[in-house]
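K.L.:
with the input below, show me the fold.
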Amino acid sequence: MAKRSVGKPGRGGRKWAARGRDGGIAIAERISDRPPRPADGRALLRQLVRGGEIIGREPLAAARSRHQEALAELPPHALRLSRGYPAIPTMFEPDGE
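P.N.:
Take a look at the predicted model:
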């Protein structure tokens, strides 16, 4: 369902997300209607359940490590946010590209 709120862009349908990086530092979140390609950046979505079966289990240490790596790629100003400001910009890719 697409959003209609002013200042809150939204499009209906399935979405995919990737984090674009430059030199290992996150520069933008890219949202698209197609799965990300390697050139789009690091895929942010992971399949956790398939056919009713949990497939996304991982040890707690692996989850902690992945979380620390994700935080480390954010630019320094991202951890000093003011209310209402995004850490990095979100870009919506045109449909079908």
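K.L.:
all contacts plus neighbour counts: C-alpha atoms, from now on.
P.N.:
Fine.
K.L.:
so what are the sheet partners of the lowest-mean-pLDDT helix or strand in the chain and their directions?
P.N.:
Across the helices and strands of the chain, the lowest-confidence element by mean pLDDT, DSSP states H and E is strand 90-92, at a mean of 89. For strand 90-92, the paired strands and their directions (DSSP bridges) are strand 25-32 (parallel).
K.L.:
which stretches of the protein form strands?
P.N.:
Secondary structure of the chain (DSSP state E): strands at 16-22, 25-32, 42-43, 49-50, 53-54, 90-92.
K.L.:
may I see the buried residues of the first one?
P.N.:
Residues 17, 18, 19, 20, 21 are the ones in strand 16-22 that count as buried (16 or more other C-alpha atoms under 10 Å).
K.L.:
which one of the residues you listed is nearest residue 85?
P.N.:
Among those, residue 19 lies closest to residue 85 (C-alpha to C-alpha), at 17.5 Å.
K.L.:
what about the nearest residue to residue 14 once chain neighbours are set aside, neighbour count?
P.N.:
Nearest residue to residue 14, sequence neighbours excluded (C-alpha to C-alpha, 6 or more residues apart in numbering): residue 33, at 6.1 Å. Here the number of neighbours of residue 33 (other C-alpha atoms under 10 Å) works out to 18.
K.L.:
any idea of the pLDDT on residue 33?
P.N.:
Here the pLDDT value assigned to residue 33 is 91.
K.L.:
what's the answer for residue 56, then?
P.N.:
For residue 56, the predicted pLDDT is 89.
K.L.:
list the contacts of the residue lying closest to it once chain neighbours are set aside.
P.N.:
Excluding the flanking residues, the one nearest residue 56 by C-alpha to C-alpha, 6+ apart is residue 48, at 4.1 Å. By C-alpha atoms under 8 Å, 6 or more residues apart in numbering, residue 48 lies in contact with 54, 55, 56, 57.
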